[in-house]
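> Sequence first, then the predicted structure:
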Amino acid sequence: IFEANEDGGQDGGLLGMRFVDRHGNEIKQSAGVKNGERARRAAVLQTEAYPERYDLREQGFSTTPKHQGTSNFCWAFSAAASAESNVLKRGLPVREAWRTTLANGKTELAFSPMHMALSAFTNDVGIDEDYLPLDKNSGLYGNDWIAATTLASGHGVQLEKATPFSSLEYGMDQAQRDVSYYALKNYGIISMEPDAPESQTNLEKIKLVKSWLMENGACTLSYDQGSRKESSTSDGETVLACYTSNSQVKATHASAIAGWDDSFNYFSGTDLPPHPGAWLVKDSYGEGKGTDGYLWVSYYDASVKTIANVEMTQASEMDHIYSYTNVLTNTKIQMEKAANVFTARGSEQLASVSIATMDESLSYTFWVYTGVTEGEPETGQLKAEQSGTFRTGGYHTVELDAPIPLDAGERFSIVFRLQQGNAAGYF
């Protein structure tokens with residue numbers, strides 16, 4: 001079930017999602033194996049691998065905060081920010097002509113949130129009606145799952161200069177839909193435990209997010225923006241900081257994490273975090289809000305629902321994407337195996353296999369067959385079998401141990417088995 005999470009005042013546009021069975025009972029997403037023991041916070045958060053403070057801006061890997069205006073595209077702005085940071089962090093080629101000139105005269109890599117939102121929520125309108133109009137106040141709530149599905153389908157990332165947010169009221173040409181300057185490789189998504197923000201599981205996930213930031217760049221963050229308050233630091237600087245202890249508060253907004261500070265403890269009001277420590281967050285309301293467009297969100301904010309990391313690669317590495325997924329389903333099914341059968345578009349080599357999973361800590365095995373009979377995915381010749389573990393939910397790409405040659409018109413299949421412990425996993 002998709003649910004628009006509104007904040008009464010300023011609504012960022014984040015779309016909530018939960019699963020129910022056929023009787024309407026909610027199915028809780030698995031967050032992996034828990035040991036039930038409370039960690040020593042300092043030992044977990046501060047290790048030799050993770051410094052006490054980290055800031056992507058200091059390395060040039062966090063782009064300028066953009067402004068979503070009155071749109072509901074916070075989810076697209078945060079995903080675009082994570083993708084931009086990842087391209088820069090990984091050192092992928094960026095041509096000078098791809099850079100966007102900002103209002104301050106600075107030129108930098110910028111991806112188009114409008115392109116992502118339009119691609120996610122509009123259908124192919126055909127040759128005779130090739131323009132995709134959209135009113136900026138027409139809704140289009142989204143989340144990480146919708147962003148992941150859109151990018152995985154080959155719709156973007158597109159450059160901001162090609163489909164600028166300033167032209168939102170006019171829409172964009174449909175020919176822009178399938179333009180991708182870079183391709184999605186992985187979109188890792190973790191669910192936090194709002195009822196137990198100090199749990200061992202959450203603290204371990206904080207470490208994972210730190211590793212994402214150091215290895216891949218900025219992460220997306222869903223949280224409640226209604227709890228943000230101005231505070232003063234010991235240096236007299238005014239900052240915006242978010243914290244709520246109420247786990248019933250919904251995440252209403254999405255932003256991008258650009259760093260952390262384990263010692264940050266500048267919160268105001270009577271509802272205060274149990275310990276210091278906060279994420280440095282790049283918002284999407286321009287540089288005039290917060291500190292040059294940045295604010296802080298406590299590690300222990302109970303409104304934080306998901307954190308995700310986008311990993312891009314060069315578009316040339318994925319010339320052909322075979323997929324039946326253009327829109328995310330809000331259904332997951334527990335089964336022993338699942339398969340897709342495709343027909344090769346030409347003589348080429350299959351180099352990788354991708355799948356989206358909702359749950360965390362899933363073991364997987366997949367098989368690749370060629371020359372399969374229609375409707376029988378486990379026929380033909382077995383060409384590959386690989387196994388591993390997906391630590392997070394999200395969209396995953398697994399490189400094949402060796403590329404598999406395909407002939408034009410040849411049917412091939414990907415057969416997956418997911419397991420969580422001894423139980424079958426959810427597709």
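Structure's in. What do you need?
> rest of the way, CA atoms for contacts and neighbours
Fine.
> how about stretch 83-101 as PDB, C-alpha atoms only?
Taking only C-alpha atoms (Å, rounded to 0.1, in the frame of the first residue of the first chain), the coordinates of stretch 83-101 have been written out as PDB:
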ATOM      1  CA  ALA A  83      23.700   9.600  -7.800                       C
ATOM      2  CA  GLU A  84      25.700  12.800  -8.400                       C
ATOM      3  CA  SER A  85      27.800  12.200  -5.400                       C
ATOM      4  CA  ASN A  86      28.500   8.600  -6.400                       C
ATOM      5  CA  VAL A  87      29.600   9.500  -9.900                       C
ATOM      6  CA  LEU A  88      32.000  12.000  -8.400                       C
ATOM      7  CA  LYS A  89      33.200   9.800  -5.600                       C
ATOM      8  CA  ARG A  90      33.900   6.800  -8.000                       C
ATOM      9  CA  GLY A  91      35.700   9.100 -10.400                       C
ATOM     10  CA  LEU A  92      33.400   8.200 -13.400                       C
ATOM     11  CA  PRO A  93      34.100  10.300 -16.500                       C
ATOM     12  CA  VAL A  94      32.200  13.700 -16.500                       C
ATOM     13  CA  ARG A  95      32.500  15.700 -19.700                       C
ATOM     14  CA  GLU A  96      32.600  19.400 -19.400                       C
ATOM     15  CA  ALA A  97      29.600  19.800 -21.600                       C
ATOM     16  CA  TRP A  98      27.500  17.700 -19.100                       C
ATOM     17  CA  ARG A  99      28.000  20.300 -16.400                       C
ATOM     18  CA  THR A 100      25.200  22.700 -15.400                       C
ATOM     19  CA  THR A 101      25.900  26.400 -14.800                       C
END
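> hmm, who's touching that stretch?
Under the contact criterion CA atoms under 8 Å, 6 or more residues apart in numbering, stretch 83-101 has outside partners 61-63, 107-111, 159-161, 215-218, 310-314.
> Quick check on these: which are buried?
Buried subset of the contacts of stretch 83-101 (neighbour count, 16 or more other CA atoms under 10 Å): 61-63, 108-111, 159-161, 216-218, 310-314.
> The residues you listed in strands, which ones?
Restricting these to those inside strands, with DSSP state E as the criterion, leaves 108, 310-314.
> and which of the residues you listed is nearest Ser82?
Minimum separation from Ser82 among these (CA to CA) is found for Val310, which lies at 5.8 Å.
> Number of residues surrounding Thr201?
Close neighbours of Thr201, defined as other CA atoms under 10 Å, add up to 21.
> ok, then the element right after the helix or strand encompassing it?
Under DSSP states H and E, the secondary-structure element containing Thr201 is helix 200-216. Under the assignment DSSP H and E, the closest C-terminal helix or strand after helix 200-216 is strand 219-223.
> Same question for that following strand: list its buried residues.
So for strand 219-223, counting by 16+ other CA under 10 Å, buried means 219-223.
> Pull up the pairing partners for whichever helix or strand comes after it, direction included.
Remark: after strand 219-223, the chain's next helix or strand is strand 228-232, criterion DSSP H and E. Within its sheet, and counting by DSSP bridges, strand 228-232 is paired with strand 238-242 (antiparallel).
> Same question for the partner strand: list its buried residues.
Within strand 238-242, the residues that qualify as buried are 239-242, counting by 16+ other CA under 10 Å.
> Using the three-state scheme, assign Ala79.
Three-state call for Ala79 (DSSP: H, G, I helix; E, B strand; the rest coil): helix.
> Could you tell me what pLDDT the model assigned to it?
Per-residue confidence for Ala79 comes out at a pLDDT of 97.
> which non-adjacent residue is nearest it?
Spatially, and ignoring its direct neighbours in sequence, Ala79 is nearest to Thr220 (6.2 Å; CA to CA, 6 or more residues apart in numbering).
> Could you count how many residues lie near Gly69?
Each residue near Gly69 was counted by other CA under 10 Å, and the total is 16.
> Report the contact partners of it.
Contacts of Gly69 (CA under 8 Å, 6+ apart): Tyr285.
> phi, psi of it?
In this entry, Gly69 is assigned phi and psi values of phi 60, psi -140 (degrees, to the nearest 10).
> Give me the pLDDT value at it.
Reported pLDDT at Gly69 in the predicted model: 91.
> I'd like to know how far it sits from Arg411.
Using CA to CA, to the nearest Å, one gets 47 Å for the distance from Gly69 to Arg411.
> Now render the buried residues of strand 219-223 as JSON lines, adding distance to Ala251 and pLDDT.
Supplementary listing: the buried residues of strand 219-223 in JSON lines, determined by distance: CA to CA, whole Å; pLDDT from 0 to 100:
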{"residue": "Cys219", "distance to Ala251": "16", "pLDDT": "98"}
{"residue": "Thr220", "distance to Ala251": "13", "pLDDT": "98"}
{"residue": "Leu221", "distance to Ala251": "9", "pLDDT": "98"}
{"residue": "Ser222", "distance to Ala251": "6", "pLDDT": "97"}
{"residue": "Tyr223", "distance to Ala251": "4", "pLDDT": "97"}
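> Make CSV out of those and add distance to Leu203.
Formatted as CSV, the entries for the buried residues of strand 219-223 read as follows, by distance: CA to CA, whole Å:
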residue, distance to Leu203
Cys219, 17
Thr220, 18
Leu221, 16
Ser222, 17
Tyr223, 17
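> Would you mind checking which of the buried residues of strand 238-242 is nearest to Gln419?
Of all the buried residues of strand 238-242, Gln419 sits closest to Cys242, with 37.1 Å by CA to CA.
> Quick check: the closest residue in space to that closest one that isn't next to it in sequence vs Trp296, distance?
Nearest-residue entry for Cys242: Arg228, 4.2 Å, with adjacent residues in sequence omitted and distances by CA to CA, 6+ apart. Distance, Arg228 to Trp296, using CA to CA: 9 Å.
> so Tyr294 bridges to which residues?
Note on Tyr294: beta-bridge partners by DSSP bridges are Lys282, Thr291.
> Verify the contact between it and Tyr285 for me.
No. The pair Tyr294 and Tyr285 fails to qualify as a contact (CA atoms under 8 Å) at a distance of 9.4 Å.
> More neighbours: those two, which one.
A count of neighbours by other CA under 10 Å puts Tyr294 above the other of Tyr294 and Tyr285, at 25 against 19.
> which residues are in contact with the stretch of helix or strand Ile355 belongs to?
Assigned by DSSP H and E, Ile355 belongs to strand 348-357. Where contact means CA under 8 Å, 6+ apart, the residues beyond strand 348-357 that reach it are 393-400, 402-408, 414, 426-427.
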